[in-house]
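> Mind folding the following:
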Amino acid sequence: MTGLFPPPMGLIVELTHRCPLQCPYCSNPLELERPASELDTSAWMRVFDQAAELGVLQLHFTGGEPTARRDLPDLVRHAAARGLYTNIITSGVLLDERLMVALVAAGIDHIQLSLQDIEPENADRIGGYRGAHAKKLAAAQRIRDAGLPLTLNFVVHRQNIQNVPQMIDMAEKLGAERSEIAHVQYYGWGLKNRAALLPSRAELDATTATVEAARARLKGRMVIDYVVPDYYASRPKSCMGGWAQRFINISPSGKAMPCHAAETLPGFTFPSVRDTPLAAIWQSDPAFLRFRGTDWMPEPCASC
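So this is what the prediction gives:
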């Protein structure tokens, strides 16, 4: 589809805010959307149709826990039929053999698996789910056995930062093509629990050195993405990809945002895919236009 702005690369699909885990840094908003407000199967399929027509390439199913939706295989199948690359971001605790077979048959392209730590007891404690770590490792094996590419996501904070070297080793042993070592981002639940999560500057610096050494050692074998917190930096990090440049994030109820953290900013009203086409949201919605370009910047930033 042609328009003033190039189409987004990806659609972030928050199918639900339901989740069996209780991670203290959850990226979902403090006020979760109720299951009764979730878009139904046909509504999501309509959004996927609009995404394909807009020129979106990738569709990322997330949550909450996307595998809590019983219609997930049907949604994957519909998205794949429209030529969208499909990725699931999951805790893995509900990814049993039956669901794995159904997702493969539906045409899933990639799965990202989140882990809380490499130590089972600590991992289960962080996620608030006894036995979760064992289920995650079983899910990782199912993903590899299915021949799917695997990404492992580790969220790093004071409670597990000492194990980052072993996290990278685990990703390598499990045959992950990519691993993400991401420090907690301190907004929402992360900000609320910052006192228990924020590592020291020395711990952050040591972890950064560890990751850089691993990147050099594993170059050509495994990609390592590294996300640092704004804390201890001389200035806030830039928005990943730019405001309303590469992604549209859709909440379980259908709220469309430039990113999943956008609703933490005051003074915004975001549109809904229930009553506004995706193309119109992307091309002309005031919230999406707000920080595009440089007109909104004060001087000397705008002319720099």
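
> rest of the way, CA atoms for contacts and neighbours
OK.

> where does the stretch 151-300 of the chain have low pLDDT?
For the stretch 151-300 of the chain, the stretches with pLDDT under 70 are 237-241.

> Tell me where it has strands.
Assigned by DSSP state E, counting those that start in this stretch, the strands in the stretch 151-300 of the chain fall at 178-183, 223-227, 247-250, 256-257.

> Could you say which one of these comes nearest to Met45?
Met45 sits nearest to strand 247-250 of all the strands of the stretch 151-300 of the chain, at 13.0 Å, using Cα to Cα.

> Show me what the closest one is in contact with.
Applying Cα atoms under 8 Å, 6 or more residues apart in numbering, the contact partners of strand 247-250 are 8-14, 256-260, 282.

> who's in contact with Glu38?
Counting by Cα under 8 Å, 6+ apart, Glu38 touches 15-16, 252-254.

> just to revisit the earlier point, would you format the strands of the stretch 151-300 of the chain as a markdown table with distance to Asp49 and mean neighbour count included?
Output for the strands of the stretch 151-300 of the chain, formatted as a markdown table (distance: least, Cα to Cα, whole Å; neighbours: other Cα atoms under 10 Å):
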| stretch | distance to Asp49 | mean neighbour count |
| --- | --- | --- |
| strand 178-183 | 29 | 21 |
| strand 223-227 | 31 | 17 |
| strand 247-250 | 14 | 24 |
| strand 256-257 | 16 | 28 |
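
> Helices of the stretch 51-200 of the chain, start to end?
Ranges of helices in the stretch 51-200 of the chain, per DSSP state H, counting those that start in this stretch, are 72-81, 97-106, 120-127, 132-145, 164-173, 189-192, 194-197.

> ok, back up a step: can you redo the strands of the stretch 151-300 of the chain as a markdown table with distance to Pro286?
Shown next, in a markdown table, are the strands of the stretch 151-300 of the chain (distance: least, Cα to Cα, whole Å):
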| stretch | distance to Pro286 |
| --- | --- |
| strand 178-183 | 31 |
| strand 223-227 | 29 |
| strand 247-250 | 14 |
| strand 256-257 | 11 |
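
> quick one: which of the ones you listed is nearest Met167?
Closest approach to Met167 among the strands of the stretch 151-300 of the chain is made by strand 178-183 (8.5 Å; Cα to Cα).

> Pull the residues that contact the closest one.
Strand 178-183 has contacts (Cα under 8 Å, 6+ apart) with 150-157, 164, 168, 171, 222-229.

> Can you flag the buried ones in these?
Burial by neighbour count, judged by 16 or more other Cα atoms under 10 Å, picks out 150-157, 164, 168, 171, 222-224, 226-229 from these.

> nearest residue to Pro35 other than its sequence neighbours?
Leaving aside its sequence neighbours, Pro35 sits nearest to Thr16 (Cα to Cα, 6 or more residues apart in numbering; 6.9 Å).

> contacting residues for the one you found?
Contacts of Thr16 (Cα under 8 Å, 6+ apart): 33, 35, 38, 62-66, 68-69, 251-252.

> Out of those residues, flag the one nearest to Thr269.
Distances from Thr269 to the contacts of Thr16, taken by Cα to Cα, are shortest for Ser251, at 13.7 Å.

> wait, the closest one sits on Glu14?
Yes. Using Cα atoms under 8 Å, Ser251 is in contact with Glu14, at 5.0 Å.

> coming back round to it: please identify the helix or strand for the residue nearest to Pro35.
Assigned by DSSP states H and E, Thr16 falls within no helix or strand.

> picking up where we left off before, pull the most distant pair out of the contacts of strand 247-250.
The two members of the contacts of strand 247-250 with the most space between them (Cα to Cα) are Glu14 and Trp282, at 17.6 Å.

> re the thing from before, of the contacts of Glu38, which pair is most distant in space?
Greatest spacing in the contacts of Glu38, by Cα to Cα: Thr16 and Gly254 (10.4 Å).

> State the number of residues packed around Ser37.
Per other Cα atoms under 10 Å, the neighbour tally for Ser37 reads 11.

> residues in contact with it?
252-253.

> If we use 10 Å, what do you get?
With contact taken as Cα atoms under 10 Å, 6 or more residues apart in numbering, Ser37 is in contact with 16, 252-254.

> measure it to Asp275 for me?
Look at Ser37 and Asp275: by Cα to Cα, to the nearest Å, they are 15 Å apart.

> Okay then, goodbye and thanks.
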